[in-house]
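K.L.:
Sequence and predicted structure are below.
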Amino acid sequence: MTTLERVLALGSDDLTERDAAAVAVADLGAEVLPVLIGQLQDSGSPVSEPVLLAVLRRMGTEAFEAVLVALQTSAPEEAPHRLLRAFAGFGAAALDGYVAALLLDDSTLRRAAVTAISRWSSDVPAAARHVLPLLGDRDAKVRQAAVQAFSSWGTAVVPLLQAVRLDGPGQARPGALEALAEIGGEAVISARDIAALERLARIEIAGDTPVPLSC
């Protein structure tokens, strides 16, 4: 049986056969990874995406690195959504890999790593410290992902966000304020920040021109 045939056996309707195929495929190690990733990239594959991810997760760090390399070598216009979902789905065992990915040049991978950390980390203080610099990321979508991560962590990260508002880093201050507003509104925002927001609102209102709803 070829490597491809073993991988395609993961698409069996028989649960026992599929489980046996999963063990056999995972035992093949590095040699099977290009075939698994090829099937993952093929939306027409007879093997379902969750089954492929389950085998990749079983294979651990080696598979995580292979998916990461595949993403880094994909053409920008390919939009490899299935690969991205796999990358973000390796679980808590891949947290070190996700933290390392926060430093990559690719903004799409940084954003996916932020989302994965927020989903899988059980150590909120440590996760928040890793994601904190991304509140000031040069890419707007990465910044928003970081804000969403802090918002999902809730009140546990309020002291850290308040410290950022006071002491910086400067690039992260706007994102910290947005996260604070999402978490607790005025109850967790300093009087100084509330006053600044009120001044900004007054400035915006002064130049705001009402228009008919039909516009």
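P.N.:
The structure has been received and is ready for your questions. Residues are numbered from 1 along each chain as shown.

K.L.:
Every contact and neighbour count from this point should use C-alpha atoms.
P.N.:
Fine.

K.L.:
and residue 98, what does it touch?
P.N.:
Residue 98 is in contact with 113, 114, 116, 117, counting by C-alpha atoms under 8 Å, 6 or more residues apart in numbering.

K.L.:
what's the closest of those to residue 56?
P.N.:
residue 116 (16.0 Å; C-alpha to C-alpha).

K.L.:
Of the contacts of residue 98, grab the buried ones for PyMOL.
P.N.:
The buried residues among those can be selected in PyMOL (16 or more other C-alpha atoms under 10 Å) with this line:
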select buried, resi 113+114+116+117
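
K.L.:
pLDDT added to the contacts of residue 98, as JSON lines?
P.N.:
Shown next, in JSON lines, are the contacts of residue 98 (pLDDT from 0 to 100):
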{"residue": "113", "pLDDT": "97"}
{"residue": "114", "pLDDT": "97"}
{"residue": "116", "pLDDT": "96"}
{"residue": "117", "pLDDT": "97"}
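
K.L.:
Nearest to residue 182 among the contacts of residue 98?
P.N.:
Closest approach to residue 182 among the contacts of residue 98 (C-alpha to C-alpha): residue 114, at 17.5 Å.

K.L.:
Next, work out how far apart that closest one and residue 170 are.
P.N.:
Distance, residue 114 to residue 170, using C-alpha to C-alpha, to the nearest Å: 20 Å.

K.L.:
which stretches of the protein form helices?
P.N.:
Taking DSSP state H to define them, one finds helices in the chain at 3-8, 15-27, 33-41, 49-59, 61-72, 81-87, 95-101, 107-120, 124-131, 140-153, 158-167, 173-183, 191-206.

K.L.:
would you turn those into CSV with distance to residue 213?
P.N.:
Converted to CSV, the helices of the chain look like this (distance: least, C-alpha to C-alpha, whole Å):
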stretch, distance to residue 213
helix 3-8, 56
helix 15-27, 57
helix 33-41, 45
helix 49-59, 45
helix 61-72, 44
helix 81-87, 37
helix 95-101, 45
helix 107-120, 36
helix 124-131, 40
helix 140-153, 29
helix 158-167, 37
helix 173-183, 28
helix 191-206, 18
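
K.L.:
and of these, who's closest to residue 212?
P.N.:
Per C-alpha to C-alpha, nearest to residue 212 of those: helix 191-206, 16.7 Å.

K.L.:
Just name whatever secondary elements that closest one is in contact with.
P.N.:
Judged by 3 or more C-alpha pairs under 8 Å, 6 or more residues apart in numbering; DSSP states H and E, helix 191-206 is in contact with no other helix or strand.

K.L.:
And it, how far out from the chain middle?
P.N.:
Helix 191-206 has its C-alpha centroid displaced from the chain centroid by 33 Å (C-alpha atoms, centre = their mean, to the nearest Å).

K.L.:
what angle separates it from helix 173-183?
P.N.:
Interaxial angle of helix 191-206 relative to helix 173-183 (axes from the mean of the first three to the mean of the last three C-alpha atoms, to 10 degrees): 90 degrees.

K.L.:
what is the mean pLDDT for helix 191-206?
P.N.:
Per-residue pLDDT values across helix 191-206 average out to 74.

K.L.:
Taking helix 158-167 as reference, get the angle to that helix.
P.N.:
70 degrees.

K.L.:
Alpha carbons of helix 191-206, as PDB, please.
P.N.:
Taking C-alpha atoms only, helix 191-206 is exported to PDB below (Å, rounded to 0.1, in the frame of the first residue of the first chain):
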ATOM      1  CA  ALA A 191     -10.700  59.100  35.100                       C
ATOM      2  CA  ARG A 192      -7.900  60.500  32.900                       C
ATOM      3  CA  ASP A 193      -8.700  58.200  30.000                       C
ATOM      4  CA  ILE A 194     -12.500  58.900  30.400                       C
ATOM      5  CA  ALA A 195     -11.800  62.700  30.200                       C
ATOM      6  CA  ALA A 196      -9.700  62.200  27.100                       C
ATOM      7  CA  LEU A 197     -12.400  60.200  25.400                       C
ATOM      8  CA  GLU A 198     -15.000  62.800  26.300                       C
ATOM      9  CA  ARG A 199     -12.700  65.500  24.700                       C
ATOM     10  CA  LEU A 200     -12.300  63.400  21.600                       C
ATOM     11  CA  ALA A 201     -16.100  62.900  21.400                       C
ATOM     12  CA  ARG A 202     -16.700  66.600  21.700                       C
ATOM     13  CA  ILE A 203     -14.300  67.300  18.900                       C
ATOM     14  CA  GLU A 204     -15.800  64.600  16.700                       C
ATOM     15  CA  ILE A 205     -19.400  65.800  17.300                       C
ATOM     16  CA  ALA A 206     -18.400  69.400  16.500                       C
END
